[in-house]
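K.L.:
A structural model of the following input is requested.
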Amino acid sequence: MHEVHNRIRELREEKHITQIRLSTELGVAQETISAYEQGRICPVYPHLLN
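P.N.:
Next up, the predicted model:
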C-alpha cells in the first residue's frame with residue numbers, strides 16, 4: 001500500500017498539477033504541499049476533502 005505522501009505526489013503528477021496550484025486550491029502554502037509529499041507532516045483531513 002502506498003504511503004500518504006507518495007500517493008499525494010502521484011495523484012498531483014497524474015493530474016499535471018503543480019504544488020503551487022494545489023496549494024492555492026487547498027488554501028495552504030506551497031511549502032505545506034512540499035512537506036506533505038516529503039512525509040515531514042501529514043495532511044489534516046479537511047484539506048483532503050476539498
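
K.L.:
alpha carbons only for contacts and neighbour counts from here, please
P.N.:
Will do.

K.L.:
and after the longest helix seen in the chain, which helix or strand comes next?
P.N.:
In the chain, with assignment by DSSP state H, the single longest helix is helix 4-14. Downstream of helix 4-14, the next assigned helix or strand under DSSP states H and E is helix 19-26.

K.L.:
quick one: buried residues of that next one?
P.N.:
Neighbour counts using 16 or more other C-alpha atoms under 10 Å place 19, 20, 23, 26 of helix 19-26 among the buried residues.

K.L.:
so what's residue 18 up against?
P.N.:
residue 12 (C-alpha atoms under 8 Å, 6 or more residues apart in numbering).

K.L.:
residues contacting residue 12?
P.N.:
Going by C-alpha under 8 Å, 6+ apart, the list of residues near residue 12 reads 18, 19, 22.

K.L.:
just to revisit the earlier point, between the longest helix of the chain and helix 19-26, how many degrees?
P.N.:
Going by axes from the mean of the first three to the mean of the last three C-alpha atoms, to 10 degrees, helix 4-14 is angled at 100 degrees with respect to helix 19-26.

K.L.:
and of the buried residues of helix 19-26, the nearest to residue 10?
P.N.:
Using C-alpha to C-alpha, residue 19 comes nearest to residue 10 of those, at 11.8 Å.

K.L.:
pLDDT below threshold where in this structure?
P.N.:
Along the chain, segments meeting pLDDT under 70 span 1-2, 45-50.

K.L.:
how far away is residue 34 from residue 19?
P.N.:
7 Å (C-alpha to C-alpha, to the nearest Å).
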